[in-house]
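[1] here you go, sequence then predicted model.
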Amino acid sequence: MSREPGTVVLDARSRGKFDELHVRDAISLPFSDIAIESLKAAIPDRSTRILIYCNNNFANAEGPFPAKIARASLNLSTYIALYSYGYRNVYELEPLIDLRASKLPFEGSLSR
């Protein structure tokens, strides 16, 4: 789904963690910055397919993806926030994908 045209991959982690390592072409929108104007700028069409991820989606990368207990992950809060703002085509990436085995391309300061 991440490769299909019109799909947005949204990283809800802090900008610092995003800069360390993120899914290539993902949009950085930290959970704390989700608001009317930031969403309008980042994802103007509410029918856009959005794939969200945070710390709990990747394993074996404690620096950029520090482990959290499931109920404290940003995905639940991000999903609820996006839904509240009218976005209905929202999905979470698989939980705890081994970063070394992921088919997703990554980039950031740690990938160099």
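    Received it, and whenever you're ready, just let me know what you need. Numbering: from 1, shown residues only.
[2] SS state for the nearest residue to residue 25 once chain neighbours are set aside?
    Nearest residue to residue 25, sequence neighbours excluded (C-beta to C-beta, 6 or more residues apart in numbering): residue 9, at 6.5 Å. C-beta: built from backbone N, CA, C; applies to glycine. With DSSP: H, G, I helix; E, B strand; the rest coil as the basis, residue 9 sits in strand.
[3] who touches the helix or strand hosting residue 50?
    Using DSSP states H and E, residue 50 falls within strand 49-53. Strand 49-53 has contacts (C-beta atoms under 8 Å, 6 or more residues apart in numbering) with 1-2, 4, 6-12, 23, 26, 43, 75, 78-79, 82, 87, 89-93.
[4] partners of the least confident helix or strand in the chain by mean pLDDT in the sheet?
    Every helix and strand of the chain was ranked by mean pLDDT, DSSP states H and E. The lowest is strand 58-59, at a mean of 82. When pairing is defined by DSSP bridges, strand 58-59 lines up against strand 97-98 (parallel).
[5] after the least confident helix or strand of the chain, which helix or strand is next?
    Later in the chain than strand 58-59, the nearest helix or strand by DSSP H and E is helix 74-84.
[6] just checking, what packs against that next one?
    Secondary-structure packing of helix 74-84 (3 or more C-beta pairs under 8 Å, 6 or more residues apart in numbering; DSSP states H and E): strand 49-53, strand 90-92.
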